[in-house]
Each structure stands twice: as C-alpha cells, then as structure tokens.
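[1] Provide a 3D model corresponding to the input given below.
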Amino acid sequence: MAVFNVKNVCESTKTKLSEAIVKMEQFLNENSLSKLNTEVDAAMEDFYKGYLSDTRHLLVFSEVAYEKLGVCLRRPTFNVEYAEKVLYEVYHSCVNNFFYPKNECYSEDGRYAYTGQDAIRFRKKPVRAARDLTIELSKIFETLREDLAYYETDYITQKRMQGERV
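    Here you go, the predicted model:
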C-alpha cells in the first residue's frame, strides 16, 4: 500500500479510536456495577460484570493502539512497515475484541446489517446507557473494520509470502 494511503488510514484510525476511547471512559467513569444492576438480580449482575470487564479491556486495547498510532505519525520519517503492523494490531486487538467480546454479553447478528437495524444483539436486556454505548461503539468499530479489512487477510498473506512470521 502506498505511503500516503497508509498514513491517511493511520490518521483516520487514530481519530476513530479517540472517539471510542472518550465514549468508553465517560461510560466507565459514570457507571458502576451497583448503578447498572438496580434490580439486584444475580444473573444481571453476572451480565454486567462481564460487560464492564469487556469494556475495560477494549478501552485498554484502544488506548494502546491509539498511542502506537501516535508514535507512527510523530516519527520524522513515516515508517510504512511499522504503521502496517500497528494497523494489523488495531484490527485484531480492537475491532475483533469489540465484535467478539470474551464474556459474550452481546453479539453481532449479520442478518440485520443490511436492514438498517442495529446488528448488535444482547444476551440480556441492559440499561439504556450500556445499550447506547454499545450501539455507538458498533458504528465506530464497523467503520474501522471496513477501513482495516486489508490487514485481516492481504497483509498477513504478504508477510507470509516474504517468509516473515506474523
């Protein structure tokens, strides 16, 4: 991929990650397990524990990726190889962790992707703040997934053909 394209993808990815980070930090700073689980239901408590854990992990992965992208963009000479590696990591650590959360509190249902409806389906019905956060993040990470799709397959294939381990 051309240097100009990679640099533009890095800049747009950094901007989108910044939006996601702000939304997650605000949610996590304003909400706690006891605030989310107002019904004092054991099943919902487990749901929210998993949801908060997944959100914290996603926040950390996003912050690390944001910092790495900043390093890419601040270097005096733009290093395409390093930038592509970082974009690959963004795809696999941030995008995949959003769409495939460890605790599976929600999942993406591809059948809804083309209907204009939200493709995110929750295992249990969350409070409005958690639902809104997830839907807002899904729009950001869907765009990132589309922008970084190259790094899911073509980038890996290219590296393996060069004899490198990825």
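
[2] Strands of the chain, residue ranges please.
    Secondary structure of the chain (DSSP state E): strands located at 106-108, 120-122.

[3] quick one, helices of the chain?
    3-30, 33-36, 42-74, 80-89, 96-99, 128-147, 154-161 (DSSP state H).

[4] I'd like those helices written out as CSV, with distance to residue 105 and mean pLDDT added.
    Any C-beta I mention is one placed from the backbone N, CA and C, and that applies to glycine too. Listed next are the helices of the chain as CSV, based on distance: least, Cβ to Cβ, whole Å; pLDDT from 0 to 100:
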stretch, distance to residue 105, mean pLDDT
helix 3-30, 14, 94
helix 33-36, 11, 84
helix 42-74, 4, 95
helix 80-89, 24, 92
helix 96-99, 12, 94
helix 128-147, 9, 94
helix 154-161, 29, 66
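
[5] so which of the ones you listed comes closest to residue 119?
    Among the helices of the chain, helix 128-147 comes nearest to residue 119, with 7.0 Å by Cβ to Cβ.

[6] Quick check: which of the strands of the chain is buried the most?
    Mean neighbours per residue, mean count of other Cβ atoms under 10 Å, is largest over those for strand 106-108, with a mean of 19.

[7] which secondary structure elements does that strand contact?
    strand 120-122 (3 or more Cβ pairs under 8 Å, 6 or more residues apart in numbering; DSSP states H and E).

[8] Run through who's touching the strand it packs on.
    For strand 120-122, the surrounding residues in contact (Cβ atoms under 8 Å, 6 or more residues apart in numbering) are 105, 106, 107, 108, 109, 112, 131, 134, 135, 138.

[9] again, only this time at 10 Å
    Strand 120-122 is contacted from outside by 47, 51, 98-99, 105-109, 111-112, 130-131, 134-135, 137-138, 142, using Cβ atoms under 10 Å, 6 or more residues apart in numbering.

[10] Parallel or antiparallel, list what pairs with that strand.
    Applying DSSP bridges, strand 120-122 is found paired with strand 106-108 (antiparallel).

[11] hmm, back to that, of the contacts of strand 120-122, buried ones?
    47, 51, 98, 99, 105, 106, 108, 130, 134, 137, 138, 142 (16 or more other Cβ atoms under 10 Å).

[12] Alright, calling it a day.
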